[in-house]
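# The following block contains a protein sequence and its predicted model.
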Amino acid sequence: MSNNDDRIQPNRSKDDTQVISMMDFGKEIKMIMENFKNCVKIEIKRSDIITENIKEVKKLQGVFREFVKESLDLNKQLEDYSRKIFFFTECFKDINYSNEEISKLLKSHLKDSKKNYELAKKLKNRLVNDDENVGIMSELSIIKDSTYNFTVDFENEIESDGREIVKYEGGTFYRYCVIVLLNLAKFLDVFTEKKPCKEYVAKSEEWLDKNDKIEEFGIQLNNKRKEVEMVKLFSKNLRSIIMGIGRIETFWDSQIGSIEHLIDNLKRLKSSSRERITQRQIVYNIEHKWKNVEKECQLYYFAMKKLLHENRYVK
């Protein structure tokens, strides 16, 4: 049965795979927005470090929101540009267009390609570091590392507090025995010059004092345990955000690569001999590389615009 089922499954085309990939991309971007909201609504009372980290994440949430809006503008520009590239390749293959007309189009597209390349690099560098800018991912990574270090120290503190509580725990009978022995030690110290029970008396009185407050200590410890879990949740959301933004970086890396490929081939076409076979090979390379750019841009636009509306970032 399973073999038959396998045989009747339709083969996925590259376009189908691309749509699925971009749909997954849209889901990942949605998760970024949700994780940002989860991060900024967390409240931590016992740490100025984490409170400050949450404030910084809230600022970066706004920066990321602006990045998404700006990326939509450039994405639309690349979508329009991809149509111009295909128009150019069709013109090149059409013998009715003169060499002068093709040359004019070639120079124009080469100029536009360089401009789009610079814009795409600048946009991508909003996410990652360059010589002039600290990217969103780098700032989030610094916050993540700070949060991790705090979590380790906080868990050590909780473990130490737990051991302290165990030292001063005891039932009613045990407490009664300590009180009886303490009074006996005090009595012996009254009648002896060297006061042999002095150290025991001090430790017993400390134990009784801590034992009186054991319930309060237990409540404080439970509160710390709850807060460390909130800090871990904050850290988990941060990691998800960084991974999701890395997916966006990959998308724009791909677009930058397509533009670089286009510039390289347009330069080759401009400087190549008039052998048609060489020129047609170059034009084929351009078509092959850019055939999915328009669709990718459309899917990116749909995923991002939908997300902005869902999160009420645009009206």
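Cool, got the structure. Given the structure is predicted, the values throughout are model-derived calculations rather than measurements. Numbering: from 1, shown residues only.
# which helices and strands does the helix ranked longest in the chain pack with?
Counting residues, the longest helix found in the chain (DSSP state H) is helix 214-271. Packing contacts for helix 214-271, counted by 3 or more CB pairs under 8 Å, 6 or more residues apart in numbering; DSSP states H and E, involve helix 14-40, helix 48-93, helix 99-124, helix 136-168, helix 276-290, helix 293-310. Every C-beta, even on glycine, is put in place using the N, C-alpha and C of the backbone.
# Tabulate the ones you listed (CSV), appending mean neighbour count and distance to residue 231.
Listed next are these as CSV, based on neighbours: other CB atoms under 10 Å; distance: least, CB to CB, whole Å:
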stretch, mean neighbour count, distance to residue 231
helix 14-40, 16, 11
helix 48-93, 16, 6
helix 99-124, 15, 31
helix 136-168, 15, 5
helix 276-290, 15, 46
helix 293-310, 17, 28
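# ok, of those, where does mean pLDDT dip lowest?
Set side by side, the helices and strands packed on helix 214-271 show their lowest mean pLDDT on helix 14-40, which sits at a mean of 69.
# before we move on, back to that, check the offset of the longest helix of the chain from the chain's centre.
A distance of 2 Å separates the C-alpha centroid of helix 214-271 from that of its chain, computed with CA atoms, centre = their mean, to the nearest Å.
# relative to helix 99-124, how tilted is it?
With axes from the mean of the first three to the mean of the last three CA atoms, to 10 degrees as the basis, helix 214-271 and helix 99-124 are set at 170 degrees to each other.
# Quick one: mean pLDDT for helix 214-271?
Predicted confidence along helix 214-271 averages 85 (mean pLDDT).
# thinking again about what came up before, out of the helices and strands packed on helix 214-271, flag the one nearest residue 263.
Residue 263 lies closest to helix 99-124 among the helices and strands packed on helix 214-271, at 4.8 Å (CB to CB).
# From the contact counts, what lies against the closest one?
Helix 99-124 is packed against helix 48-93, helix 214-271, with contacts defined by 3+ CB pairs under 8 Å, 6+ apart.
# Let me have these in JSON lines, extended by distance to residue 278.
Below are the helices and strands packed on helix 99-124 laid out as JSON lines (distance: least, CB to CB, whole Å):
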{"stretch": "helix 48-93", "distance to residue 278": "12"}
{"stretch": "helix 214-271", "distance to residue 278": "9"}
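# which one of these lies closest to residue 29?
Of all the helices and strands packed on helix 99-124, the one in closest proximity to residue 29, counting by CB to CB, is helix 214-271 (6.5 Å).
# rewinding a little: can you redo the helices and strands packed on helix 214-271 as a markdown table, where the extra columns are distance to residue 240?
Formatted as a markdown table, the helices and strands packed on helix 214-271 follow (distance: least, CB to CB, whole Å):
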| stretch | distance to residue 240 |
| --- | --- |
| helix 14-40 | 5 |
| helix 48-93 | 12 |
| helix 99-124 | 21 |
| helix 136-168 | 10 |
| helix 276-290 | 32 |
| helix 293-310 | 15 |
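# and of the ones you listed, who's closest to residue 245?
Relative to residue 245, the nearest member of the helices and strands packed on helix 214-271 by CB to CB is helix 136-168, separated by 5.3 Å.
# and that closest one with helix 214-271, angle?
Relative orientation of helix 136-168 and helix 214-271, computed by the same axes, to 10 degrees: 160 degrees.
# and the angle for helix 136-168 with helix 48-93?
Taking the same axes, to 10 degrees, helix 136-168 and helix 48-93 form an angle of 150 degrees between their directions.
# which one is residue 293 nearest to, not counting chain neighbours?
On the basis of CB to CB, 6 or more residues apart in numbering, the spatially nearest residue to residue 293 that is not a chain neighbour turns out to be residue 82, at 4.5 Å.
# contacting residues for that neighbour?
Contact criterion CB atoms under 8 Å, 6 or more residues apart in numbering gives 290, 293-294, 297 as the residues in contact with residue 82.
# Tell me which of the helices and strands packed on helix 214-271 approaches residue 253 most closely.
In this view, the helices and strands packed on helix 214-271 are compared for proximity to residue 253 by CB to CB, and helix 99-124 is the closest at 6.9 Å.
# Off-centre distance for that closest one?
Per CA atoms, centre = their mean, the displacement of helix 99-124 from the mean C-alpha position of its chain is 32 Å.
# quick one: residue 114 and residue 263 touch, right?
Yes. With contact defined as CB atoms under 8 Å, residue 114 reaches residue 263; the gap is 6.4 Å.
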